[in-house]
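Asks: Fold the following, please.
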Amino acid sequence: MHSGKRGNNRSFYLFLLKNGLISMIVSFIIVQSLISMLHVNIHNVDKLPLFFFVLINITAFFMIIFMQERKLRSRQEQILAVIKNSTQSIFILDKNKNIISLNDAGKDLLNLGNKEIVNFCDVCSTYPGTNKICEVSKCFLMNDQENPEELYIKSHKALIPVQASVSFYTTPENEKGTVIGLQKISEKRKEEQKKLKK
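Replies: Reported below is the predicted structural model:
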């Protein structure tokens, strides 16, 4: 806990040192440029008030940027912690349905290594049989359905019943990406759900 605070303080002090030097250099350049543009002869001592005025404004600007960046980083870390520690298996897919990122629960579900790349369609099945092929026209990923969907995940030739929820996002390349959340369904619960539907 103390090491985290020290790390944050150290990054803050490094920020102050680095941006303090940059602010001073930029302030000096701005003051000199203004004086030369206005063709005014001012003694170096008389330049100090203008220099400090510019310096304070630039420093305040850098401080605002630093605080906003710190807040954003903190939020990102919180979101990543929630995703990583979630009991739900979370998969992020690219436009070709390749799993480009997944949390620990997802790795456990598929028994995947850290750098192993798998296409989601290879492990997904809408039929209770390992050798059956899904109907593409009925695929919940193709139909942009965001409601929970029941399907099977193939893991070492075993079929695991899961409930899937889907959401979509736009990638930095302006392409469609998919986020899938999978929750295991016990056979007993699955039978109960079937009875309720009848």
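Asks: For the chain, just list every one of the strands.
Replies: Per DSSP state E, the chain carries strands over the ranges 89-93, 99-102, 124-125, 149-155, 158-170, 176-184.
Asks: correct me, but Ile83 touches Asp104?
Replies: No - Ile83 is beyond contact range of Asp104, at 9.4 Å (criterion: CB atoms under 8 Å). C-beta coordinates here come from the backbone N, C-alpha and C atoms, glycine included.
Asks: ok so, going back, looking at the strands of the chain, which is closest to Ile56?
Replies: When these are compared by CB to CB, strand 158-170 sits nearest Ile56, at 40.1 Å.
Asks: Run the angle between the closest one and strand 176-184 for me.
Replies: Relative orientation of strand 158-170 with respect to strand 176-184: 150 degrees, computed using axes from the mean of the first three to the mean of the last three CA atoms, to 10 degrees.
Asks: Pairing partners for strand 158-170, with directions?
Replies: strand 149-155 (antiparallel), strand 176-184 (antiparallel) (DSSP bridges).
Asks: So in terms of bridging, what pairs with Glu149?
Replies: Judged by DSSP bridges, the bridge partners of Glu149 are Ala164.
Asks: Could you report the neighbour count for it?
Replies: Neighbour count of Glu149, defined by other CB atoms under 10 Å: 17.
Asks: Contact partners for it?
Replies: Residues in contact with Glu149 (CB atoms under 8 Å, 6 or more residues apart in numbering) are 140, 163-166.
Asks: Okay, and the beta partners of Ile92?
Replies: Beta-bridge pairing of Ile92, defined through DSSP bridges, involves Ser101, Val179.
Asks: Do I have it right that it meets Gly106?
Replies: No - using CB under 8 Å, Ile92 makes no contact with Gly106, being 9.4 Å away.
Asks: list residues touching both of the two?
Replies: Among the neighbours of Ile92, those also in contact with Gly106 (CB under 8 Å, 6+ apart) are Ile99.
Asks: of those two, who's got more company?
Replies: Here Ile92 and Gly106 are compared on neighbour count by other CB under 10 Å; more neighbours surround Gly106, at 22 against 18.
Asks: Got the domain ranges for the chain?
Replies: Following automatic domain parsing, one gets these domains for the chain: 2-85, 89-197.
Asks: Same list (the strands of the chain) but as CSV, adding distance to Leu14 and mean pLDDT.
Replies: Compiled in CSV, the strands of the chain are given as follows (distance: least, CB to CB, whole Å; pLDDT from 0 to 100):
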stretch, distance to Leu14, mean pLDDT
strand 89-93, 33, 88
strand 99-102, 30, 86
strand 124-125, 47, 77
strand 149-155, 46, 78
strand 158-170, 34, 83
strand 176-184, 35, 86
